[in-house]
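[1] Generate a structure from the sequence data that follows.
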Amino acid sequence: MKQIPLSEKLFHGAVSVEKTEDYMKPWRIPFDKREFFYPNCISGQAELPAGVRIKIRSNTQSIKIGIVEAAELMEMDCLIDGTLVKTAYIPAGETMVSYDSLAGHMKLIEIYLSQKAAVPISGIWIDVGAEWELVDDYRLRWITYGSSITHCYYSDSPSQTWPVLAAKKMDSNLTCLGYSGNCHLEPMVARMIRDLPADFISLCVGINIVGGTTLSNRTFSPALIGFIQTIRDVHKDVPLAIISPIFHREREKIENEVGLSLEKVRTEIVQVVDMLKRHGDQNIYYIDGLDMFGEEYEKYMPDGLHPNGEGDKIIAVRFQQLIEAHVPISSKKELKF
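    Below is the predicted model:
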């Protein structure tokens with residue numbers, strides 16, 4: 001087999017790529033400013049490449065991805081022209097992932113990296129004599145920010161998280177900023193979103209703020225306003241959807257130690273969005289998380305909090321429907337090869 005030169009342009013959905021002599025590793029924060037994303041690069045979640053994929057166009061019938069030794073069991077998906085053809089299950093200690101018996105014509109090959117573990121890439125190999133080229137994605141650029149419900153540890157595989165499925169439905173170029181155990185309206189994340197290219201932005205906020213008591217009845221709305229206004233410093237007219245928490249029985253009505261419940265958070269988000277509209281923001285929209293994934297879907301949350309694979313498929317459909325019904329997004333852009 002012949003080796004493809006590693007390049008940042010191979011990685012789609014990453015914010016930055018760490019480069020060493022031995023590997024390239026995608027990150028979901030700027031790697032050179034990683035210490036700013038306290039604590040410990042958003043609690044270690046920013047190096048887990050949720051939604052990140054390697055893309056090439058090639059007529060190769062096999063492709064091998066070299067990885068730095070896997071620390072734990074993880075999965076990686078191979079999609080051909082947008083269709084999942086194989087999920088590879090990679091045991092701890094493995095250093096190579098192979099996909100064989102691919103069609104011999106020129107096709108879009110996407111390798112979705114695990115959303116559960118860091119994936120430093122040490123090399124990519126295709127058949128000797130095969131043609132290949134990099135892919136530029138000109139589609140609508142969608143950034144989505146959220147918690148573990150957006151990060152999607154419990155999805156069936158990396159390409160079946162709800163943001164990836166929704167991006168496919170909406171023909172969008174996804175950057176997923178779901179950080180498990182986090183999403184506390186971190187100011188540095190707001191600054192990062194402000195500085196990334198975007199045609200549509202969605203923020204799903206509140207559930208970990210209630211669960212972690214990180215903001216109070218006094219501080220939640222000011223923090224949300226500041227987060228949004230930081231993004232608006234640059235993305236003044238980009239459609240911005242603010243999504244309240246999905247259903248979680250334990251936190252719906254009972255206030256935590258600092259006076260917040262999910263019901264209260266939803267009310268405050270509506271008030272913030274309405275206030276910003278009154279002050280001239282005509283491209284901000286509220287999406288009720290209960291409309292996206294309400295009590296009727298509780299059976300798809302085995303632990304009572306995180307949707308499973310079937311739950312993610314439901315969220316993807318509901319999200320697309322709600323966005324198309326309420327958020328006017330500019331016309332889709334053609335994916336060019």
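[2] In the sheet, which residues pair with the nearest residue to Ile121 once chain neighbours are set aside? Tell me.
    With sequence-adjacent residues excluded and distances taken as CB to CB, 6 or more residues apart in numbering, Ile121 is closest to Met24, at 5.2 Å. (Glycine included, C-beta is placed from N, CA and C.) On the basis of DSSP bridges, Met24 is bridged to Lys19, Ile121.
[3] Tell me if I'm right that Met24 and Gly123 touch.
    No - contact criterion CB atoms under 8 Å: Met24 and Gly123 do not qualify, at 9.5 Å.
[4] These two: which has the busier surroundings?
    Between Met24 and Gly123, counting by other CB atoms under 10 Å, Met24 is the more crowded of the two (21 against 18).
[5] Now whichever strand or helix holds Lys313: average pLDDT?
    Counting by DSSP states H and E, the element that carries Lys313 is helix 309-326. Across helix 309-326, pLDDT averages out at 97.
[6] Just list what that helix packs against, helices and strands only.
    Helix 309-326 is packed against helix 162-169, strand 284-287, helix 289-292, with contacts defined by 3 or more CB pairs under 8 Å, 6 or more residues apart in numbering; DSSP states H and E.
[7] 6 Å instead?
    Counting contacts by 3 or more CB pairs under 6 Å, 6 or more residues apart in numbering; DSSP states H and E, helix 309-326 is packed against helix 162-169, helix 289-292.
[8] how long is stretch 3-20 end to end?
    Start and end residues of stretch 3-20 are separated by 17 Å (CA to CA, to the nearest Å).
[9] Strands along the stretch 51-200 of the chain, start to end?
    Applying DSSP state E, counting those that start in this stretch to the stretch 51-200 of the chain gives strands spanning 53-58, 63-67, 74-80, 83-90, 96-99, 107-112, 121-126, 132-133, 140-146, 172-178, 200-204.
[10] can you put these in JSON lines and add mean pLDDT and distance to His235?
    Below are the strands of the stretch 51-200 of the chain laid out as JSON lines (pLDDT from 0 to 100; distance: least, CB to CB, whole Å):
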{"stretch": "strand 53-58", "mean pLDDT": "98", "distance to His235": "24"}
{"stretch": "strand 63-67", "mean pLDDT": "98", "distance to His235": "34"}
{"stretch": "strand 74-80", "mean pLDDT": "97", "distance to His235": "29"}
{"stretch": "strand 83-90", "mean pLDDT": "97", "distance to His235": "32"}
{"stretch": "strand 96-99", "mean pLDDT": "97", "distance to His235": "36"}
{"stretch": "strand 107-112", "mean pLDDT": "98", "distance to His235": "27"}
{"stretch": "strand 121-126", "mean pLDDT": "98", "distance to His235": "30"}
{"stretch": "strand 132-133", "mean pLDDT": "98", "distance to His235": "31"}
{"stretch": "strand 140-146", "mean pLDDT": "98", "distance to His235": "9"}
{"stretch": "strand 172-178", "mean pLDDT": "98", "distance to His235": "13"}
{"stretch": "strand 200-204", "mean pLDDT": "98", "distance to His235": "7"}
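[11] wait, which of those strands is closest to Gly289?
    The closest of the strands of the stretch 51-200 of the chain to Gly289 is strand 200-204. By CB to CB, the value is 7.1 Å.
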